[in-house]
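Enquirer: output the structure for:
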Amino acid sequence: MSGFRVLVVEDEELAAEAHATYVGRVPGFELGGVARSAGDAARFLERDREVDLVLLDMHLPDGHGLGLLQRLRAGGDLVDVIAVTAARDSDVVRHAVAHGVVLYLLKPFTFATFRARLEQYAEYRRGLESASGDIAQDEVDRMLSTLRTSAPALPKGMSPETLRDVTAAVRGAEHPVSASEVAALVGSSRVTARRYLEHLADTGVLVRGQRYGGGGRPEVEYRRA
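Expert: Predicted structure coming up:
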């Protein structure tokens, strides 16, 4: 097997491109395709039976991701699904789990978190594939525990809330932004904003650039990857 084949289902163009790029950066995974709607995803999965994993956004232009999940399961399709979404409603999470979502990844996230989720999935699948015949309780527990490992912790002193605000500020900007500009947007100091921006750049979520102008030193600016 050359790698776990992945279908990205995401309607936002930049997010779809980013997730597709992320898949290609994780060893053991290969991009099977990108679908921009529930209908496109369903048709893709009908044509391509080699897909191992679907990265599914819940907010799609032609319906909810849960509707696609329901149709897949009703048709007997047991393809594995990781929800990759901003949907935080507890009912959505509960119904997603009930329809067989193996992991739930909330936007925004860093590449490190994305990679960790795919690595958890890969370990789970390797455990299933290495098992033969009847398996004991401890083997079941061990395989399922791989899906419940916590994501990598943020560096000391960083909060998920501020990370989310900084990420959203850059994603929402029409042009690359500096640490000073992000600080003004999120209500933090420039030093704090720069620390989060550097972390996001180091983990592949953002890309650094240089802004030239005036007679001083060039300023570092950041844009989404």
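
Enquirer: so who does V26 touch?
Expert: By CB atoms under 8 Å, 6 or more residues apart in numbering, the residues touching V26 are F114, R115, L118, E119. Using the backbone N, CA and C atoms, a C-beta is placed for each residue, glycine as well.

Enquirer: okay if I get those as a markdown table plus secondary structure?
Expert: Rendered in a markdown table, the data for those read as follows (DSSP: H, G, I helix; E, B strand; the rest coil):
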| residue | secondary structure |
| --- | --- |
| F114 | helix |
| R115 | helix |
| L118 | helix |
| E119 | helix |
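
Enquirer: make TSV out of the residues you listed and add neighbour count, distance to A74 and pLDDT.
Expert: Output for the contacts of V26, formatted as TSV (neighbours: other CB atoms under 10 Å; distance: CB to CB, whole Å; pLDDT from 0 to 100):
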residue	neighbour count	distance to A74	pLDDT
F114	24	29	89
R115	20	32	88
L118	24	27	92
E119	16	31	89
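
Enquirer: and the furthest pair within these?
Expert: Using CB to CB, the contacts of V26 span at most 9.7 Å, a distance reached by F114 and E119.

Enquirer: next, count neighbours for R49.
Expert: The burial count assigned to R49 is 9, neighbours taken as other CB atoms under 10 Å.

Enquirer: what does S188 give?
Expert: For S188, the count of nearby residues is 19 (other CB under 10 Å).

Enquirer: wait, isn't it in contact with T162?
Expert: Yes: using CB atoms under 8 Å, S188 makes contact with T162 at a distance of 6.9 Å.

Enquirer: helix, strand or coil for K156?
Expert: coil.

Enquirer: domain ranges for the protein?
Expert: Listed domain ranges for the chain are 4-148, 160-224 (source: automatic domain parsing).

Enquirer: coming back round to it: now the contacts of V26 in CSV, with distance to L197?
Expert: CSV is the format used below for the contacts of V26 (distance: CB to CB, whole Å):
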residue, distance to L197
F114, 18
R115, 20
L118, 25
E119, 25
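
Enquirer: quick revisit: how about the domains of the chain, which one is nearest L154?
Expert: L154 sits nearest to domain 160-224 of all those, at 6.6 Å, using CB to CB.

Enquirer: and that closest one, end to end?
Expert: 18 Å (CA to CA, to the nearest Å).

Enquirer: returning to that earlier point: out of the contacts of V26, the closest to P176 would be?
Expert: The closest of the contacts of V26, once distances to P176 are taken by CB to CB, is F114, at 22.1 Å.

Enquirer: so what's that closest one up against?
Expert: With contact set as CB under 8 Å, 6+ apart, F114 has these partners: H19, Y22, V26, L105.

Enquirer: can I take it that the last one is in a strand?
Expert: Yes: counting by three-state DSSP, L105 is part of a strand.

Enquirer: burial measure for it, as a count.
Expert: Look at L105: counted by other CB under 10 Å, it has 19 neighbours.

Enquirer: now name the helix or strand holding the closest residue to it other than its chain neighbours.
Expert: Of all residues not flanking L105 in the chain, V84 sits nearest, at 4.9 Å (CB to CB, 6 or more residues apart in numbering). Using DSSP states H and E, V84 sits in strand 80-85.

Enquirer: check which helices and strands the very next helix or strand once past that strand sits against.
Expert: Sequence order places helix 90-98 as the next helix or strand after strand 80-85, per DSSP H and E. Judged by 3 or more CB pairs under 8 Å, 6 or more residues apart in numbering; DSSP states H and E, the packing partners of helix 90-98 are helix 65-74, strand 101-106.
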